[in-house]
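A.B. asks: output the structure for:
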Amino acid sequence: MSAGGAARESVAQEGILRRQSARESAARTYARALPIVPVRARGLTIEGADGRRYLDCLSGAGTLALGHNHPVVLEAIRRVLDSGAPLHVLDLATPVKDAFTTELFRTLPAGLAERARIQFCGPAGTDAVEAALKLVRTATGRNGLLAFTGAYHGMTSGALEVSGGAEDVNVTRLPYPQDYRCPFGIGGEQGAELSARWTESLIDDPKSGVRLPAGMILEPVQGEGGVIPAPDTWMQRMRELTAARSIPLIADEVQTGVGRTGAFWAVEHSGVVPDVMVLSKAIGGSLPLAVVVYRDDLDVWEPGAHAGTFRGNQLAMAAGAATLAYVRENGLAERAALLGARMISQLQGLAAEHPCIGEVRGRGLMIGVELVDVDTPRDPDRPGSSDLSPLSPAPELATAVQRECLHRGLIVELGGRYSSVVRLLPPLTITDEQAAAVVERLADALTEAARKHRA
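C.D. replies: Numbers count the residues shown, from 1 in each chain. Take a look at the predicted model:
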């Protein structure tokens, strides 16, 4: 491209960004940290209106299991468009919906698949969470809910209520186990065991102030909470104690599903079969789709008890069925497990060079690097304080790393309790060479951001 052409494209991009800033809500998020204007995309790569190319490790917040514009997804959409099939059908039966449901049920955990029911919801994951909460409350006749610190389940009223950032709510919050910032200060198996015991005590103690709830909702890997995988033994304990007390267990697999964590569904790592699964993002093959899948004995809704105008998104169902089948047939979950473990190991190796890396963690291709402030001393008077105690989070450094990544053509997300975790959510189709490039660019960005931060 000529210098004049590049300049014109850059000016055009700046104009679009200015108009977005002037016209759109102050609530916009990604657009603030990522001032680019995507015009073309394929696989892991995005091209901006200014002609620059980026490796996209945001992937629509985990929506793009196959990356941008995968051929099988485009072909599935074209088939529906060319067939003359209706694109809007409310909840009527169609061949496209039947094919999607059949493929989805083929992938479900065995203990759920043979007796599953599905509710198509509004187009977003938060809509499916709302439906799941309403479902268990209707089925049990109870109202209270159990949720976990650090959780993120969506931005609508009920979903916010069970998320970690909620205020003034009637949901009982339980400690989610983690190693680096363990609420009990010990981490590991002991920390997970204490979390389980606390949960069991709270439910069974007649003076805890917590009545038998309508359900428990959890993420097998907390995403927005900082990429924190739940220990398998802890997941099994949650399943055991909820089953023994007839408390429906809701697994939020909106971001963890469709191979992301190295298993088709993240609950499969622990062998847990939940009563309800909340699914969205990747199941629509890049288009809006959200469903709740649940045990048939919970299906006590009256006709019309839950609905949504756009619950019959035919293009999303076609794209979703193609995505589910491609992931299943090509072993992409297993591929995510192997490549994710390699990337995590490589990133953990960076910690020896960069003391600002507090912890690298994740499962499959759901990876987080928590950054900490090495200049803030540990509090010697804090109970349990030692050289192994976690350092303070470093959100400013994380923001700087994200900015340096963008300069190097790498798009990453931030998350965690203090927005100090650099998150990687690459498509499952990422190649070995692309994975190496991602790690290299992140390492360079971290080195430069840390240097400037110290200065």
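A.B. asks: from Gly409, how far off is Tyr54?
C.D. replies: 5 Å (Cβ to Cβ, to the nearest Å). Where you see a C-beta, it was placed from the backbone N, CA and C, and this is true even at glycine.
A.B. asks: which one's more surrounded, the two?
C.D. replies: In this view Tyr54 and Gly409 are compared by other Cβ atoms under 10 Å, and Tyr54 has more residues nearby, 22 against 16.
A.B. asks: now do the same contact list for the more buried one.
C.D. replies: Listed by Cβ atoms under 8 Å, 6 or more residues apart in numbering, the contact set of Tyr54 reads Ile36, Thr45, Ile46, Glu47, Gly48, Leu406, Gly409, Leu410, Ile411.
A.B. asks: check Glu130 too.
C.D. replies: Here Glu130 is in contact with Cys121, Gly154, Thr156, Ser157, Gly158, Ala159 (Cβ under 8 Å, 6+ apart).
A.B. asks: would you check which pair of the residues you listed lies furthest apart?
C.D. replies: Cys121 and Ser157 (14.8 Å; Cβ to Cβ).
A.B. asks: more neighbours: these two, which one.
C.D. replies: Legend: neighbour count by other Cβ under 10 Å for Cys121 and Ser157, higher for Cys121 (26 against 11).
A.B. asks: that one is in contact with Pro288, isn't it?
C.D. replies: No. Checked against Cβ atoms under 8 Å, the pair Cys121 and Pro288 is beyond contact range at 10.5 Å.
A.B. asks: of all the contacts of Tyr54, which comes closest to Ser246?
C.D. replies: Among the contacts of Tyr54, and counting by Cβ to Cβ, the member closest to Ser246 is Ile411, at 44.8 Å.
A.B. asks: near that closest one, how many other residues are there?
C.D. replies: 24.
A.B. asks: skipping adjacent residues, who's closest to Glu200 in space?
C.D. replies: Leaving aside its chain neighbours, Glu200 sits nearest to Leu241 (5.2 Å; criterion: Cβ to Cβ, 6 or more residues apart in numbering).
A.B. asks: in the helix or strand hosting the one you found, what's buried?
C.D. replies: Element membership of Leu241 [criterion: DSSP states H and E] is helix 232-244. Using 16 or more other Cβ atoms under 10 Å as the test for burial, helix 232-244 gives Trp234, Met235, Arg237, Met238, Arg239, Leu241, Thr242.
A.B. asks: residues contacting the fifth one?
C.D. replies: Listed by Cβ under 8 Å, 6+ apart, the contact set of Arg239 reads Leu249, Ser270, Val272, Val273, Pro274.
A.B. asks: helices or strands next to the helix or strand hosting Arg403 in the packing?
C.D. replies: Arg403 is part of helix 395-407, with elements assigned from DSSP H and E. Applying 3 or more Cβ pairs under 8 Å, 6 or more residues apart in numbering; DSSP states H and E, we find helix 395-407 packed against helix 30-33, strand 366-371, strand 413-415, strand 421-424, helix 432-454.
A.B. asks: toward the C-terminus, what is the element adjacent to that helix?
C.D. replies: Remark: after helix 395-407, the chain's next helix or strand is strand 410-411, criterion DSSP H and E.
A.B. asks: other SSEs contacting that following strand?
C.D. replies: On the basis of 3+ Cβ pairs under 8 Å, 6+ apart, strand 410-411 makes packing contacts with strand 53-56, helix 432-454.
A.B. asks: and whatever helix or strand comes next after the first one, how far from the chain's centre?
C.D. replies: Toward the C-terminus, strand 53-56 is succeeded by helix 59-62 as the next helix or strand (DSSP H and E). What separates the centre of helix 59-62 from the centre of its chain is 8 Å, taken as Cα atoms, centre = their mean, to the nearest Å.
A.B. asks: which parts of helix 59-62 are buried?
C.D. replies: By 16+ other Cβ under 10 Å, the buried positions in helix 59-62 come out as Ser59, Gly60, Ala61, Gly62.
A.B. asks: nearest to Asp432 among these?
C.D. replies: Ser59 (17.7 Å).
A.B. asks: quick one: that closest one from Val369, how far?
C.D. replies: 17 Å.
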